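Asker: Give me coordinates for this.
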Amino acid sequence: MFAMSGFLSRAPGPRLSGRLSRCFAALVFSIFAIPVAVCFWGFAVRATYRSEIMYNEGWNTYYAHQAATGQPLYGTRPDRLAVNYPPLSFHLVGALGSVLGDLNFAGRVLSLAALLWVALCAGWAARSLSGDTLAGAFAALFCIAWICFFTPKYVGVNDPQMLAHSMMMTAVAFYVAANGKSPFLLSAACLFCCLAGFTKHNLVAFPLAMTLDLLFRSRRKFALWAATAGVTVSLFAALTLWVDGPYAIQHLLSPRRYLVSRTVFLLGIFLRLFLPALALSAVWCLSSIRRPMARFLGLALAISLVAGTVFGGGAGVFVNVFFDSILAMATIAALILADVSRRAETGTLRWCAAIVMVPMLLSAGPGLAGFFNPAPRREILAERDRVYGEDLAYVRSRPGLAICFDLLLCYEAGKPLSYEPFTDGELMATGRLDPRRVAAELMDLKYAVIQADGSDSFFPPEMMAALRARYHLDRRSALSAFYIP
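Answerer: Residues are numbered from 1 along each chain as shown. Take a look at the predicted model:
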């Protein structure tokens, strides 16, 4: 099955006792886990600082505030602004933020907790399928390590991505526990798939894999699954209509550009880091195709790769479109480790070599990437927060509307969201919004301050011309440039 099969077929040689074997396994796991824990802790510390981690944070905070204050998210047709995410994350962050007193921090806390829960669900699934506690522990470790090293900006950030994955991996845990037999657990898995979809609507890999797997297993169970999905989606849709208004579909389908070059670029990043793990996962899935849960995981991995490749061309999309692939691979990788360990016979020298070599091979790409994407140092975060505080005081001092490319800055300054750079930029790029309309607003001095990142062309040409004609640079910080009439 694997290239090391010849190595595993040799004579066992000396064997460690059961206690020494467990100690050795714990030592190997600790050697891998300690740097991951340090990295995760660094990202947890980053979450306590005030300044923006990524653009989505301010955007999510605006709409979490809207949900928390009882304003319908989809109450009007989208014009210049669009809430192009499902509603659940905004309500959860809004509810927690009302308790903590800080919506953005609440979103970060949920994201950190969600990543840990994702890891626990993957670990439980691997432990349940393999009967190997070490494999379960490594499945959890792979989840955290690969996501921390692959996309550090998505760890502890106010964004619904990880929250949605936590619900989806809960569904996976229920599905594994059901093993195609328990109607109650299958219905619970379906419910959490729907919850995930109402948090982030592009997580399609695991639900489709479960659906196809059930179709192969039992048409009666498939009918139960389809009926549960139909009822649950209908109820959630009705609740969305009642609480958040009638225009959800129009908001979710807000236009954006699609670039094939972008999906090639993102797929290249993913493959450079995960090709060894992906290749081994594919071999394991093909060789274990007769095992029902191996078929399910193989389907999930294949569908996630196709979905990530297709979604990767959308403007604003990043490598998070491959998170489903990473989570499927993390679970499969742990099962590979369990199979290799079983073949090597616990306690033998080749078993000792296997539990060291297999995680190293599987994590080679993400591990190397981690050297170039460490958690930021506290002194850097403190300096960034200091500058952010000065920028915030400046924006607050300018009465009137504002445009911010750091939306969190405008939100904390008490400015309403009247121009959203990404959505408005995509509307202009796709021909749905005439840039001269916004340029006219600049000519009329509608905005009291405009914050940008300091580049020379952050607006389309018509708007840049209006900005240069009617505004001047009044302040430049280490983070931003500010223009006033």
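Asker: Return the distance of the residue nearest the centre of the chain relative to Asn202.
Answerer: Nearest to the mean C-alpha position of the chain, by C-alpha atoms, centre = their mean, lies Gln161 at 3.6 Å. Noted for Gln161: a distance of 10 Å to Asn202, by C-beta to C-beta, to the nearest Å. Where you see a C-beta, it was placed from the backbone N, CA and C, and this is true even at glycine.
Asker: cool, Trp59 as well?
Answerer: 17 Å.
Asker: if you count what's nearby, which of these two comes out ahead?
Answerer: When neighbours are counted by other C-beta atoms under 10 Å, Trp59 and Asn202 differ, and Trp59 comes out ahead with 24 against 18.
Asker: Where does the more buried one fall, secondary structure wise?
Answerer: helix 56-68 (DSSP states H and E).
Asker: The helix or strand following that helix vs helix 56-68, what angle?
Answerer: As assigned by DSSP H and E, the chain's next helix or strand after helix 56-68 is helix 88-100. Taking axes from the mean of the first three to the mean of the last three C-alpha atoms, to 10 degrees, one finds helix 88-100 and helix 56-68 inclined to each other by 80 degrees.
Asker: For helix 88-100, enumerate the helices and strands it packs against.
Answerer: helix 56-68, helix 103-130, helix 160-178 (3 or more C-beta pairs under 8 Å, 6 or more residues apart in numbering; DSSP states H and E).
Asker: Highest mean neighbour count out of the ones you listed?
Answerer: Greatest average neighbour count among these goes to helix 160-178 (a mean of 24), per mean count of other C-beta atoms under 10 Å.
Asker: pLDDT of stretch 251-262, averaged?
Answerer: Here stretch 251-262 scores 90 as its mean pLDDT.
Asker: Sorry, slip of the keys, the one I care about is stretch 146-156.
Answerer: Mean predicted confidence for stretch 146-156 is 88.
Asker: Next: stretch 50-66.
Answerer: 94.
Asker: now stretch 362-369
Answerer: 63.
Asker: Find out how far whichever strand or helix holds Arg272 is from the centre of the chain, if you would.
Answerer: Here Arg272 sits within helix 260-287, counting by DSSP H and E. Averaging C-alpha positions (C-alpha atoms, centre = their mean, to the nearest Å) puts helix 260-287 17 Å from its chain's average.
Asker: If you count contacts, what does that helix end up packed against?
Answerer: Applying 3+ C-beta pairs under 8 Å, 6+ apart, we find helix 260-287 packed against helix 133-150, helix 292-311, helix 323-344, helix 349-362, helix 364-370.
Asker: The ones you listed: which one's closest to Ala113?
Answerer: helix 133-150 (12.5 Å; C-beta to C-beta).
Asker: which residues in the stretch 351-485 of the chain form helices?
Answerer: For the stretch 351-485 of the chain, the helices defined by DSSP state H, counting those that start in this stretch occupy 364-370, 378-396, 407-412, 421-429, 435-443, 461-470.
Asker: hmm, back to that, flag every buried residue along the helix holding Arg272.
Answerer: 262-263, 266-267, 269-270, 273-274, 277-278, 280-282, 284-285 (16 or more other C-beta atoms under 10 Å).
Asker: sorry, back to before: save the helices of the stretch 351-485 of the chain as CSV, and put in mean neighbour count and distance to Leu191 too.
Answerer: CSV is the format used below for the helices of the stretch 351-485 of the chain (neighbours: other C-beta atoms under 10 Å; distance: least, C-beta to C-beta, whole Å):
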stretch, mean neighbour count, distance to Leu191
helix 364-370, 18, 32
helix 378-396, 15, 39
helix 407-412, 24, 33
helix 421-429, 20, 31
helix 435-443, 18, 43
helix 461-470, 16, 46
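Asker: Could you export those helices to CSV, including columns for distance to Gln250?
Answerer: Converted to CSV, the helices of the stretch 351-485 of the chain look like this (distance: least, C-beta to C-beta, whole Å):
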stretch, distance to Gln250
helix 364-370, 39
helix 378-396, 31
helix 407-412, 22
helix 421-429, 13
helix 435-443, 20
helix 461-470, 25
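Asker: closest to Asn104 out of the ones you listed?
Answerer: Comparing these by C-beta to C-beta, helix 407-412 comes nearest, at 6.3 Å.
Asker: Which elements pack onto the closest one?
Answerer: Under the contact criterion of 3+ C-beta pairs under 8 Å, 6+ apart, helix 407-412 touches helix 56-68, helix 378-396, strand 401-404.
Asker: Please tell me the pLDDT value assigned to Gly180.
Answerer: For Gly180, pLDDT reads 72.
Asker: how much space between it and Asp132?
Answerer: Going from Gly180 to Asp132 by C-beta to C-beta gives 22 Å.
Asker: Same question for Ile355.
Answerer: Ile355 is 10 Å from Asp132, by C-beta to C-beta.
Asker: likewise Arg290?
Answerer: 20 Å.
Asker: More neighbours: which of those two?
Answerer: Taking other C-beta under 10 Å, Arg290 and Asp132 do not tie; Asp132 has more neighbours (21 against 7).
Asker: next one: stretch 81-93 to chain centre, how far?
Answerer: That offset, for stretch 81-93, works out to 15 Å (C-alpha atoms, centre = their mean).
Asker: what is the rounded mean pLDDT of that stretch?
Answerer: Stretch 81-93 comes out at a mean pLDDT of 95.
Asker: swap in stretch 408-419?
Answerer: Predicted confidence along stretch 408-419 averages 95 (mean pLDDT).
Asker: So which residues make contact with that stretch?
Answerer: 51-52, 57-58, 61-62, 65, 80-81, 104, 388, 391-392, 395-396, 401-404, 407, 438, 447, 451, 480 (C-beta atoms under 8 Å, 6 or more residues apart in numbering).
Asker: switch the cut-off to 7 Å
Answerer: Residues outside stretch 408-419 that contact it (C-beta atoms under 7 Å, 6 or more residues apart in numbering) are 52, 57-58, 61-62, 81, 104, 391-392, 395-396, 401-404, 451.
Asker: what's the answer for stretch 237-245, then?
Answerer: By C-beta under 7 Å, 6+ apart, stretch 237-245 touches Pro72, Leu73, Tyr74, Gly75, Pro87, Ala248.
Asker: give me every residue that touches the residue nearest to Thr199 when sequence neighbours are not counted.
Answerer: Counting by C-beta to C-beta, 6 or more residues apart in numbering, Thr199 lies nearest to Ala164, which is 3.9 Å off, once chain neighbours are set aside. Each residue near Ala164 by C-beta under 7 Å, 6+ apart is listed here: Ala196, Thr199, Lys200, Leu203.
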